[in-house]
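Chemist: Whatever this is, show me its structure:
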Amino acid sequence: MHSTHDWKFDADSRQLLEYIKNLKDKTAAVSPTVRLGVHWTVLPSINFYRLQKNMTWLEIDLVNKQGQYRNFDYCYLPPEPAVEYFLRNNSQINLAKKYKTSGYLLLRTMIKRQPGSP
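Modeler: You can find the predicted model right below:
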């Protein structure tokens, strides 16, 4: 069994972190950290796997209700209509991957961080 109905939203969290780790390994010279914004439902498990795998280079925080994507390299969000609408109407955010079991979307933000931003 891959997931239960009650925890389906969380079924791909481990695979997400493996995917981001592989991306980080390929682009290690670009940035020492990766900033990941997540939906509140997956924050506990993402943090658990990050600590378990000693991914100290990964910074995780919640994406706020207004969909503030500016401070993140990637966002991991449920496939809500508002998120999908935003994707279709914003050229600075691209769909990096869609996870089959949970339906969650991994978004790559193309917005450049301001110097000195947290």
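Chemist: Which parts of the protein are helices?
Modeler: 13-26, 43-52, 81-88 (DSSP state H).
Chemist: Mean confidence (pLDDT) on the longest one, please.
Modeler: Translated: helix 13-26. On average, the pLDDT along helix 13-26 is 90.
Chemist: What residues sit buried inside that helix?
Modeler: Under the neighbour-count criterion of 16 or more other C-beta atoms under 10 Å, helix 13-26 has 13, 15, 16, 17, 19, 20, 21, 23, 24 buried. Using the backbone N, CA and C atoms, a C-beta is placed for each residue, glycine as well.
Chemist: who's in contact with the last one?
Modeler: Contacts of residue 24 were listed using C-beta atoms under 8 Å, 6 or more residues apart in numbering, and they are 34, 57, 58.
Chemist: Distance of it relative to residue 18?
Modeler: According to C-beta to C-beta, to the nearest Å, residue 24 stands 11 Å off from residue 18.
Chemist: coming back round to it: Serialize the helices of the chain to CSV and add fields for distance to residue 72.
Modeler: Formatted as CSV, those follow (distance: least, C-beta to C-beta, whole Å):
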stretch, distance to residue 72
helix 13-26, 12
helix 43-52, 13
helix 81-88, 14
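Chemist: Lowest-scoring secondary structure element of this protein by mean pLDDT?
Modeler: None of the helices or strands of the chain scores lower by mean pLDDT, DSSP states H and E than helix 81-88, at a mean of 64.
Chemist: Out of the helices of the chain, flag the one nearest residue 108.
Modeler: Closest to residue 108 of those is helix 13-26 (C-beta to C-beta; 9.1 Å).
Chemist: Among the contacts of residue 24, name the ones in strands.
Modeler: 34, 58 (DSSP state E).
Chemist: which one of the contacts of residue 24 is nearest residue 74?
Modeler: Looking across the contacts of residue 24 and measuring by C-beta to C-beta, the closest to residue 74 is residue 34, at 6.9 Å.
Chemist: Does residue 62 touch residue 43 like I think?
Modeler: Yes. Checked against C-beta atoms under 8 Å, the pair residue 62 and residue 43 is within contact range at 6.3 Å.
Chemist: I appreciate the help and will end here.
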